[in-house]
Each structure stands twice: as C-alpha cells, then as structure tokens.
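**Q** after the sequence you'll find the predicted model.
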Amino acid sequence: AARPPRTLKVLFALARGGCAIVSPTWASASLAAGAWLDPGPYLAGYGPPRAAGVDLLGGLAVHVAGLASGDPPANMVQALVAAAGGRHVGLRHAAVALVGDAWTPRRATAGLRALHRGGSVLRV
C-alpha cells in the first residue's frame, strides 16, 4: 500500500490535532448520502484523530538550521514546531535541531556537530 502524503498541510493538521484526515472518498460518499458521514471508515492512513490541545512536543526546545532551497521554508518548519507544542530557540538552547536534506556535519557549526554526536539532529 502506498504511504499517505506528508505535505505541510497534513503535518500541520496532525500537529494541531482535533480533526480527522480523510480520503476524498469521504466527501463524495457524504454528498451522495446527503449528510456528513462518520469519518472512521474513510481515514486516510494517518491513524485516528488526536485530541486537540495535546502538545506532541511538550515544550521541547527545537532549533531549525541548514535548510536549502529544496527544503520546506524555515518559517514554516518553525510554525510546525509551534503547532506541535515545541519552542523554536537559538542553537545554544536547543535540545534538538532540525536540518535540511543536504546538511552534513562536516560543514556544521560546533554546536550542531555536538547535537549531531548526541543523536539530536533530525532531517526535515
């Protein structure tokens, strides 16, 4: 089975919670039925909806660095971190760093290399 897409819109919906992410078939079936149908049978592969107001990142201090032209814009990644309950902070205060696909530790600052050695650098 194909993996469901991980677009920024989908990631924001997952981060915020409180809504079911359904397949387009749900809208067609609801239209045909003349009423909104239960989304359960039409979930798009992301699992059941998470309750709104639950912070996924629980205030985790996150730094966004090393994003290139093919990566999502840094301001969008920072907004996604906030939507998931994290805090965007400077590198010095970060528990985790999010970097772009082309990032390599060889050309990184000492702070990013230290986070990388600790396993706290994740690619977006």
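**A** Yep, that arrived. Computed from a predicted structure; not experimentally measured. Numbering: from 1, shown residues only.
**Q** quick one: the closest residue to residue 42 other than its chain neighbours and residue 50, what's the gap?
**A** Closest residue to residue 42 apart from its sequence neighbours, by Cβ to Cβ, 6 or more residues apart in numbering: residue 26 at 3.5 Å. To be clear about C-beta, it is placed using only N, CA and C from the backbone, and glycine gets the same treatment. According to Cβ to Cβ, to the nearest Å, residue 26 and residue 50 sit 18 Å apart.
**Q** can you tell me the SS state at the residue nearest to residue 42?
**A** Following DSSP: H, G, I helix; E, B strand; the rest coil, residue 26 is assigned to helix.
**Q** what segments of this structure are helices?
**A** Secondary structure of the chain (DSSP state H): helices at 8-16, 24-33, 74-83, 110-117.
**Q** of the ones you listed, which stretch is the most buried?
**A** The highest average neighbour count among the helices of the chain, using mean count of other Cβ atoms under 10 Å, belongs to helix 74-83 at a mean of 17.
**Q** pull that one out as PDB, backbone CA atoms only.
**A** What follows is helix 74-83, C-alpha atoms only, in PDB (Å, rounded to 0.1, in the frame of the first residue of the first chain):
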ATOM      1  CA  ALA A  74      12.400  27.700   7.700                       C
ATOM      2  CA  ASN A  75       9.500  29.900   8.900                       C
ATOM      3  CA  MET A  76       7.000  27.100   8.000                       C
ATOM      4  CA  VAL A  77       9.100  24.500   9.900                       C
ATOM      5  CA  GLN A  78       9.200  26.800  12.900                       C
ATOM      6  CA  ALA A  79       5.500  27.300  12.700                       C
ATOM      7  CA  LEU A  80       5.000  23.500  12.600                       C
ATOM      8  CA  VAL A  81       7.200  23.100  15.700                       C
ATOM      9  CA  ALA A  82       5.000  25.600  17.500                       C
ATOM     10  CA  ALA A  83       1.800  23.900  16.300                       C
END
